[in-house]
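Asks: I would like the atomic coordinates for the input below:
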Amino acid sequence: MGLFKPVSLYLAIRKEGERSATEDSLVLDGFDPSSFSSAAALWARFQERPARMVITDRRFGDDFTGIDLTRAIRTKFALPYVFVVVMSSLSRLNEIEEGLAAGVDDYLIKPHNRFQLRSRIAVGLRWLTYIDSLHAQAGNQSEPKAPVGKRAASSPRRV
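Replies: Presented below is the predicted three-dimensional model:
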């Protein structure tokens, strides 16, 4: 993943063994993830220090789900853009549609392997790079110039 600038990455997975294995995989891929055991814990940290990428389980033992986390991020943190991947064993179309409607960027069905997650992260990094370049271009544009072919107001017109 050396082609992209480093991004802050938060990971929320309920099961400790799965969280640890995913975190180890991300570290091997060159990331430095911050891990949480719930979406609520991730959200508490996110409000203090937002991340650019979030990978979360869909369901946790409490009422605050990965979908709720996504909605909260989309509501309170429009910019800079945050790429959100939700992982779930729920694979019915209506569950996937609910996640996408809430603002999830990618929905990864469990069980998944390291290479599937890595490819989703690569897509997220490309997306973040593209969005950042658009914002940089918009910020660097100067005032609009007069259209080509128009004469300056002070120049006399000869007939």
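
Asks: can you read off the backbone torsions of the residue nearest to the spatial centre of the chain?
Replies: Most central in the chain under C-alpha atoms, centre = their mean is F83, positioned 0.8 Å from the mean C-alpha point. Main-chain torsions, F83, degrees, to the nearest 10: phi -90, psi 120.

Asks: which strand residues bridge it?
Replies: Note on F83: beta-bridge partners by DSSP bridges are M53.

Asks: what's the answer for the one 5 residues further on, then?
Replies: On the basis of DSSP bridges, S88 takes part in beta bridges with I109.

Asks: G139 versus that one, what's the distance?
Replies: 37 Å (C-beta to C-beta, to the nearest Å). Placement of C-beta: from N, CA and C, glycine included.

Asks: can you pull out the strands in the protein?
Replies: Listed in chain order, the strands of the chain (DSSP state E) span 9-12, 34-36, 53-57, 83-88, 106-109.

Asks: how about the helices in this structure?
Replies: 16-28, 39-48, 66-76, 93-102, 114-140 (DSSP state H).

Asks: from A40, how far off is F60?
Replies: Distance of F60 to A40, given as C-beta to C-beta: 7 Å.

Asks: between those two, which one's more packed in?
Replies: F60 (22 against 17; other C-beta atoms under 10 Å).

Asks: wait, doesn't that one sit right on A39?
Replies: Yes: with contacts counted by C-beta atoms under 8 Å, F60 reaches A39, the gap being 5.5 Å.

Asks: shared neighbours of the two, anything?
Replies: A12, G66 (C-beta atoms under 8 Å, 6 or more residues apart in numbering).

Asks: report the buried residues of stretch 111-123.
Replies: L117, R118, R120, I121 (16 or more other C-beta atoms under 10 Å).

Asks: so which pair among those is furthest apart in space?
Replies: R118 and R120 (7.3 Å; C-beta to C-beta).

Asks: low-scoring stretches of this protein, by residue?
Replies: 1-5, 141-159 (pLDDT under 70).

Asks: would JSON lines of the buried residues of stretch 111-123 with distance to Q47 be doable?
Replies: Shown next, in JSON lines, are the buried residues of stretch 111-123 (distance: C-beta to C-beta, whole Å):
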{"residue": "L117", "distance to Q47": "25"}
{"residue": "R118", "distance to Q47": "28"}
{"residue": "R120", "distance to Q47": "24"}
{"residue": "I121", "distance to Q47": "23"}
